[in-house]
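> dropping a prediction and its sequence here:
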Amino acid sequence: MRKPPIHKSFWNAIKGAVWMLKSERNFQIEVFALLVNLFLIVYLRVSTVDAAIILVVCFAVLSLEILNTCVEKICDIIQPEYDERIKIIKDMAAGSVFIMTMASVVVGVLIYFKYLF
Ligand SMILES: Nc1ncnc2c1ncn2[C@@H]1O[C@H](COP(=O)(O)OP(=O)(O)OP(=O)(O)O)[C@@H](O)[C@H]1O
């Protein structure tokens, strides 16, 4: 298959992210969390470096959520029936989102603490 032009690849990536926003509840919650963080960054006048750290962890959660959904979709195509191997694959993919979410909570507590107290 011929490689699409760069603007088409970019557009496809945007469409993938928009699909996630329309279809996946967890992704919607994580985007809401990103918006809350953007508000707090402005409201609390968070420093540039601290804001960058917060935004990187927020976007890391969103990226992992997209990859987790990709794994789920592929698993559902190759094995629609119950399968112990699929279970561990899906659980591991979900685990990656969980670990990054925990990391983002820790980062949030560590950074916002000094602006609030
Ligand atoms: N084919 C299967 N075989 C075995 N276990 C499965 C299978 N499909 C789903 N599961 C189990 O159900 C869980 C949820 O899988 P599902 O595909 O329903 O994702 P989901 O409800 O969208 O989850 P998430 O909230 O992580 O996005 C998996 O983590 C796994 O433990």
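Done, it's in.
> identify each buried residue in the lowest-mean-pLDDT helix or strand in the chain, please.
Least confident element among the helices and strands of the chain, by mean pLDDT, DSSP states H and E: helix 6-23 (a mean of 94). Residues Met20 are the ones in helix 6-23 that count as buried (16 or more other C-beta atoms under 10 Å). All C-beta spots, glycine's among them, are computed from the backbone N, C-alpha and C.
> and stretch 27-38, by the same measure?
Within stretch 27-38, the residues that count as buried by 16+ other C-beta under 10 Å are 27, 30-31, 33-34, 37.
> residues making contact with stretch 22-35?
The contact list for stretch 22-35 (C-beta atoms under 8 Å, 6 or more residues apart in numbering) reads 20-21, 55, 58-59, 61-62, 65-66, 69, 97.
> swap the cut-off to 7 Å and go again
The contact list for stretch 22-35 (C-beta atoms under 7 Å, 6 or more residues apart in numbering) reads 20-21, 58, 61-62, 65, 69.
> take those residues and keep only those in helices.
20-21, 58, 61-62, 65, 69 (DSSP state H).
> can you select the buried ones among those for me in PyMOL?
With 16+ other C-beta under 10 Å as the criterion, this PyMOL line picks the buried residues out of those:
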select buried, resi 20+58+61+62+65+69
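> from the ones in helices among the contacts of stretch 22-35, pick the one nearest the ligand.
The nearest member of those to the ligand, counting by C-beta to the nearest ligand atom, is Thr69 at 6.4 Å.
> now do Arg2, the pLDDT please.
Looking at Arg2, its pLDDT reads 75.
> can you give me phi and psi for it?
phi -70, psi 140 (degrees, to the nearest 10).
> from Asn12, how far off is it?
Separation of Arg2 from Asn12 (C-beta to C-beta, to the nearest Å) stands at 14 Å.
> swap in Glu84?
34 Å.
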